[in-house]
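A.B. asks: turn this into a structure:
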Amino acid sequence: MCGVSLWRGLLGVEHTVVETVVFEDGPGDGVLVAHVRAVATRRGRCGRCRRRCPGYDAGGGRRRWRALDHGVAMMFLEADAPRVRCREHGVVVAHVPWAAHDAGHTHSFDQQVAWLATRTSKAAATELMRVAWRTVGTIIARVWRAAEARAEAAGDGDGLDRLRRIGIDEISYRRNFKYLSVVVDHDTGNLVWAGEGRDRATLRRFFDRLGPDRCAQITHVSADGAGYIDEEVAVACPQAIRAIDPFHVVKWANDALSRVRINAWNEARALARTEPSPLTGWARRTQSLPGRERAHGLKNSRYALWKNPDNLTIRQKAKLQWIATTDPRLYRAYLLKEGLRLIFQLPPDQAPEALDRWLNWARRCRIPAFTNLAKSIKAHQTRILASIQHQLSNGPVESVNTKIRLLTRTAFGFHTAEPLIALAMLRLGRHHPTLPARN
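C.D. replies: The predicted structure is shown next:
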């Protein structure tokens, strides 16, 4: 077929000679096969380190690499795949300029699949590119590793040199307690690292990669109060200011309030079971069933107790007023929750005194859930005040976690965490895949 120089431009390959292009019978309406070879300066190199190496043998003969489709026809590149002997990596397949080592797809194909995986649904990516979802996971991991290698070769390093303020959190990505630990840069909002697991060993991998010198440059670390995070940060970055995310502290108060509400509801239901059956007709108006009425009133009170006062609807305000009249203990728990929440809105110079007053109040409240909460708050008091003083929260980390949760639905079907981590790093990190010829 004529026009091989035109095909070289259409295929988007570099350092490659297009010998001929033929049309063959295949899936659908047939396939296009371009017979290619690397230019002389790119032949005889190790597929891993790209060093010139002596030849070893002809390998498995000619092989094919999937390229971007042309029209309705699938496209393949076909070339010899000899092997060379590398001093460092042994006997490996020789480097080809149009594809990565051990890949069955061209660079352009990988680039487009990675872009689609980070921008579209699973079905759209697989149907458009005519590949299996498992293949998409392999391509994503390969593109991410290649982007990291290019950045280091260009002198940009691993993206961790400018870290000063970081947030650390964990997120579940699969059932049976499968978690990822994520690290986010507070200054840029980018995901800088993710690893499988949620323990000290997992975080140690991040700090080992960071190294002692860069660990010494970390000034602030925010987290959710998990003990293993605090312990590992104290060892790796003893000079860093450790802060607890205010959102998680208020969440502890909401959990304590929920326990008080459930206990009040259960007490009301227990009282209702001792009461006689409700009467019918006019007699019902004169019958007093305080347990049943109280249980019915508490049943739908959760959102009235959880929401901020400024966001309450008229019915929820009425519900809260009813609680204040009928269940002073539950209302006192609500006020304790609101009092803790308002501390994080105070100026830094007023917060320490306000937190001390709240702790004294919680200790004397005679509500077990909040007396236990007071003990936890006291244990983390220094880090809570640090978050107020330095205006540091895990908001950027929670934003990244929300996006990772969406990606986990897209990534359903991956058998390991590596493709999911690569997908998250490509979508939320410093490397964003682009479509071929769109740089």
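A.B. asks: how many other residues sit next to the residue nearest to residue 389 when sequence neighbours are not counted?
C.D. replies: Excluding its sequence neighbours, the residue lying closest to residue 389 (CB to CB, 6 or more residues apart in numbering) is residue 348, at 4.5 Å. (C-beta placed from N, C-alpha, C; glycine too.) When neighbours are defined as other CB atoms under 10 Å, residue 348 has 12 of them.
A.B. asks: what do you get for residue 133?
C.D. replies: Number of residues near residue 133 (other CB under 10 Å) recorded here: 17.
A.B. asks: next, the residue nearest to residue 389: phi, psi?
C.D. replies: Per-residue torsions, residue 348: phi -60, psi -30 (degrees, to the nearest 10).
A.B. asks: what about the helices in the stretch 251-400 of the chain?
C.D. replies: 283-286, 290-299, 302-306, 314-326, 328-343, 351-363, 368-379, 381-389, 395-410 (DSSP state H, counting those that start in this stretch).
A.B. asks: would you turn these into TSV with mean neighbour count and distance to residue 212?
C.D. replies: Output for those, formatted as TSV (neighbours: other CB atoms under 10 Å; distance: least, CB to CB, whole Å):
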stretch	mean neighbour count	distance to residue 212
helix 283-286	8	76
helix 290-299	17	55
helix 302-306	17	44
helix 314-326	14	53
helix 328-343	19	36
helix 351-363	16	33
helix 368-379	17	29
helix 381-389	19	23
helix 395-410	17	24
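A.B. asks: so which of those helices gets nearest residue 184?
C.D. replies: helix 395-410 (4.6 Å; CB to CB).
A.B. asks: now do the closest one: which elements does it pack against?
C.D. replies: strand 165-174, strand 178-185, helix 417-428 (3 or more CB pairs under 8 Å, 6 or more residues apart in numbering; DSSP states H and E).
A.B. asks: so which of these is nearest residue 146?
C.D. replies: Comparing the helices and strands packed on helix 395-410 by CB to CB, helix 417-428 comes nearest, at 10.5 Å.
A.B. asks: quick one, that closest one and strand 165-174 angle?
C.D. replies: Angle of helix 417-428 versus strand 165-174, following axes from the mean of the first three to the mean of the last three CA atoms, to 10 degrees, is 130 degrees.
A.B. asks: ok, and what's touching helix 417-428?
C.D. replies: Identification of contacts with helix 417-428 by CB atoms under 8 Å, 6 or more residues apart in numbering yields 114, 117-118, 136-138, 140-141, 143-145, 147, 173, 178, 180, 182, 190-191, 194-196, 400, 403-404, 407-408, 410-411, 414, 431-433.
A.B. asks: cool, stretch 190-209 as well?
C.D. replies: Residues outside stretch 190-209 that contact it (CB under 8 Å, 6+ apart): 158-160, 163, 166, 168, 170, 178-185, 215, 226, 228-229, 231-233, 236-237, 400, 417, 421, 424-425, 428-430.
A.B. asks: return a PyMOL selection command for the buried portion of these.
C.D. replies: Selection of buried members from those for PyMOL, criterion 16 or more other CB atoms under 10 Å:
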select buried, resi 159+160+163+166+168+170+179+180+181+182+183+184+185+215+226+228+229+232+233+236+237+400+417+421+424+425+428+429+430
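A.B. asks: make a markdown table from the helices of the stretch 251-400 of the chain and add mean pLDDT and distance to residue 242 to it.
C.D. replies: Formatted as a markdown table, the helices of the stretch 251-400 of the chain follow (pLDDT from 0 to 100; distance: least, CB to CB, whole Å):
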| stretch | mean pLDDT | distance to residue 242 |
| --- | --- | --- |
| helix 283-286 | 63 | 60 |
| helix 290-299 | 78 | 39 |
| helix 302-306 | 87 | 28 |
| helix 314-326 | 89 | 36 |
| helix 328-343 | 94 | 18 |
| helix 351-363 | 95 | 17 |
| helix 368-379 | 94 | 13 |
| helix 381-389 | 93 | 5 |
| helix 395-410 | 88 | 14 |
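A.B. asks: how about those helices, which one is nearest residue 50?
C.D. replies: Nearest to residue 50, of these and by CB to CB, is helix 395-410 at 32.6 Å.
A.B. asks: rewinding a little: do I have it right that the residue nearest to residue 389 meets residue 388?
C.D. replies: Yes - the criterion here is CB atoms under 8 Å, and residue 348 meets it with residue 388 at 5.5 Å.
A.B. asks: and the residue nearest to residue 389, what pLDDT?
C.D. replies: The model reports residue 348 with a pLDDT of 91.
A.B. asks: quick one: residue 383 and residue 242 touch, right?
C.D. replies: Yes - using CB under 8 Å, residue 383 makes contact with residue 242 at a distance of 5.2 Å.
A.B. asks: overlap of the contact sets of those two?
C.D. replies: Here residue 383 and residue 242 have residue 230 as joint contacts, going by CB under 8 Å, 6+ apart.
A.B. asks: low-confidence ranges, the chain, go.
C.D. replies: When residues are selected by pLDDT under 70, those of the chain lie in 1-4, 28, 279, 281-289, 439.
A.B. asks: do a quick rundown of the helices in the stretch 1-150 of the chain.
C.D. replies: Going by DSSP H, counting those that start in this stretch, the stretch 1-150 of the chain shows helices at 4-11, 107-119, 122-129, 133-153.
A.B. asks: now stretch 68-77 - C-alpha only, CSV.
C.D. replies: Output of stretch 68-77 as CSV, limited to C-alpha atoms (Å, rounded to 0.1, in the frame of the first residue of the first chain):
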residue,chain,number,x,y,z
LEU,A,68,-5.5,3.4,17.8
ASP,A,69,-8.4,2.5,15.5
HIS,A,70,-8.6,4.1,12.1
GLY,A,71,-12.2,4.6,11.1
VAL,A,72,-14.1,1.4,11.9
ALA,A,73,-11.0,-0.8,11.5
MET,A,74,-8.8,-1.9,14.3
MET,A,75,-5.1,-1.1,13.8
PHE,A,76,-2.0,-3.1,14.7
LEU,A,77,1.7,-2.5,14.4
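A.B. asks: re the thing from before, using TSV, lay out the helices of the stretch 251-400 of the chain together with distance to residue 270.
C.D. replies: Formatted as TSV, the helices of the stretch 251-400 of the chain follow (distance: least, CB to CB, whole Å):
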stretch	distance to residue 270
helix 283-286	22
helix 290-299	8
helix 302-306	20
helix 314-326	16
helix 328-343	16
helix 351-363	27
helix 368-379	18
helix 381-389	37
helix 395-410	38
